[in-house]
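In: build me a model from this:
(chains A and B)
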Amino acid sequence: MSSQAEPTEDFEGIAARAPNRHAAFQPHRKGAMGRAHDLLHATPALVPMIVLIAAVAVFGLVLGGKFFSPFALTLILQQVQIVGVLAAAQSLIVLTAGIDLSVGATAVFCSVIMGKLVFDVGLPAPLAVLAGLIAGTAIGGLNGWLVSRVRLPPFIVTLGMWQIVLAATYLSSGNETIRAQDIEATAPFLQFLGGKLQLGGATLTFGVILMLLLVLVLAYALRSTAWGRHVYAVGDDPEAAALAGVDVHRTLMSVYLLVGLICALAGWVMIGRFGSVSPSATTGVIGNIQSITAVVIGGISLFGGRGSILGAFFGALIVGVFELGLRMAGANPQWTFLLIGALIIGAVAVDQWIRKVSA
Amino acid sequence: MTDPVLSARGLVKRYGRVTALDRCDFDLMPGEILAVIGDNGAGKSTLIKAISGAVIPDAGEIRLEGRPVRFASPIEARQAGIETVYQTLAMSPALSIADNMFMGRELRCSGIMGTLFRRLDRRAMEAFAREKLNDLGLMTIQNIAQPVETLSGGQRQGVAVARAAAFGSRLIILDEPTAALGVKESRRVLDLILDVRARGLPIILISHNMPHVFEVADRIHIHRLGRRLCTIRPADHSMSDAVAFMTGARTPPDVMEAA
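Out: Predicted structure coming up:
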């Protein structure tokens, strides 16, 4: 290091000669591209919103009034309500830099619990729903404990939990479906979220309204409460968050517990949507992938700490618009998957571009 | 002589067979910049962690303004008025300057919006953050809501120091604040450190950079083999003296000062 003996005075002399100016924040990077980048950086839900509006506009132009009607547009909401609720749950986990492969299976499991408790145990329907919600929260809590305390990777924990919960669903139900007519006759409360509100040609179910409220409440909580800021900070850099005074374990546990509860709500939404309780509902197998797709198209970074839950909601709607629009246009349904695949890759490419910031 | 703001006596910390702190003493005087230097493995980061609450010493006593304290976590030390700027800065790059300054101690709105809806008082937090950055001359910020990752290394360090200065009521610990910075940015951060001292807040500065240490420090605590070897004044010694003491090439002329 410093082998020659420098007298101290020299350094103080330099200090005196140094400009009396402190670190200043200079403007940088103007121009259209830079400004677009700044805007997307600040509001990451903008890209999926533009894609959604463009998709609705294109299908509206091509298909005309058939697609651009209150009926068709609210039908999209009904078709995405389960994935929309699961995507809200998935968003929370992904914001903490995790991933949850068990969301769909948990939803199916909770719907089966609700049905079984009414039909096998004879519990009143509201109590059965409550028990289902508690069961979902418990599964989420177990995931959270394994991730936060035992420090297992979320991918592994939820990959295991997905299999466990799915198997438990089949084992406990003997793969028997509870028919819609039976539920309607015995416990209509289980189908409560399938209840419809007619507004002109538009049809809203309580499940759709629940999804919309859930997204709005979570968007508010993530943006405007300390808890929300902590979720972002933990996803961004858990060590930095801990040193800055955030209780990382508590934040993670709260997220996983809440996600379990939301998955159970999705299970209740499922009963409303299908009318029946089916242990072999496809949501248990592909619900996780559908929710991850919505989250990724919605611009939430899989690396955590970036993105907004509104984006994930738009992502779910984009998938719904493509599905219905292409079906109405008479296209082969494989085109939907092809386009969704392209969107996923495009969305992650945009995410990488947004994350690139020049210092 | 005035009483130290923070003093430690006989701190011991062992990791298995390794003794990181061996009956270590430490004193920080009011309003001074005390540099802590030492070779790698001398135990200076363990010493600093013991003071900032990140490590609980096995034995010994720490006194803050004369009263004995025992910190179980960095948060407790923070509540006692000791702020630490970590080498990693402990900031969330994607969040705004204001969010980062208030991380873990957010302000809520008054009234029902705050108590029931737990809404953050963003306006108050941003105004406070702007004021504190202005105080330290980091004033040409255009947008307090811009994410920290859009700032340069020196600017980030500036925000971290401003956060510590804003909330640290007793003392500030700076861990290698210039290690990752260029010449110009280091200069600005050093000016910032002097500015904070001018406000009367004492500072503990950990650094490997001898010119920086000799430029800003009032006293230099030389750490060697898990304990305080001596404390010197930069005016009395050259940098090569300090390096010689630190590495054991030379023995310091007895104990320089009692404190």
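In: right, and B:Asp218 touches B:Glu32 too?
Out: Yes. With contact taken as Cβ atoms under 8 Å, B:Asp218 and B:Glu32 are classed as touching, separated by 4.2 Å. Every residue, glycine included, has its C-beta placed from N, CA and C.
In: name the element the residue nearest the centre of chain B belongs to?
Out: Of all residues in chain B, the one closest to the mean position by Cα atoms, centre = their mean is B:Ile173, 1.1 Å from it. Secondary structure assigned from DSSP states H and E places B:Ile173 in strand B:171-175.
In: neighbouring strands - and their directions - for that strand?
Out: Strand B:171-175 sits in its sheet next to strand B:82-85 (parallel), strand B:203-206 (parallel), going by DSSP bridges.
In: ok, then the element right after the first one?
Out: Toward the C-terminal end, the helix or strand that comes next after strand B:82-85 (DSSP H and E) is helix B:97-101.
In: again with the last one
Out: Toward the C-terminal end, the helix or strand that comes next after strand B:203-206 (DSSP H and E) is helix B:210-216.
In: for the residue of the stretch 1-150 of chain B found nearest chain A, what are its contacts?
Out: Per Cβ to the nearest Cβ, B:Gly104 is where the stretch 1-150 of chain B lies closest to chain A, at 2.6 Å. Contacts here follow Cβ atoms under 8 Å, 6 or more residues apart in numbering or on different chains; on that basis B:Gly104 touches A:230, A:244-246, B:75.
In: any buried residues in stretch A:111-129, and which?
Out: Neighbour-count burial for stretch A:111-129 flags A:111-119, A:123, A:125, A:128-129 (criterion: 16 or more other Cβ atoms under 10 Å in any protein chain shown).
In: can I get those residues in JSON lines with distance to B:Ile37 and secondary structure?
Out: Putting the buried residues of stretch A:111-129 into JSON lines (distance: Cβ to Cβ, whole Å; DSSP: H, G, I helix; E, B strand; the rest coil) gives the following:
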{"residue": "A:Ser111", "distance to B:Ile37": "64", "secondary structure": "helix"}
{"residue": "A:Val112", "distance to B:Ile37": "65", "secondary structure": "helix"}
{"residue": "A:Ile113", "distance to B:Ile37": "63", "secondary structure": "helix"}
{"residue": "A:Met114", "distance to B:Ile37": "66", "secondary structure": "helix"}
{"residue": "A:Gly115", "distance to B:Ile37": "70", "secondary structure": "helix"}
{"residue": "A:Lys116", "distance to B:Ile37": "69", "secondary structure": "helix"}
{"residue": "A:Leu117", "distance to B:Ile37": "68", "secondary structure": "helix"}
{"residue": "A:Val118", "distance to B:Ile37": "72", "secondary structure": "helix"}
{"residue": "A:Phe119", "distance to B:Ile37": "74", "secondary structure": "helix"}
{"residue": "A:Leu123", "distance to B:Ile37": "70", "secondary structure": "coil"}
{"residue": "A:Ala125", "distance to B:Ile37": "71", "secondary structure": "helix"}
{"residue": "A:Ala128", "distance to B:Ile37": "68", "secondary structure": "helix"}
{"residue": "A:Val129", "distance to B:Ile37": "65", "secondary structure": "helix"}
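In: closest one of those to A:Ser148?
Out: A:Ile113 (25.1 Å; Cβ to Cβ).
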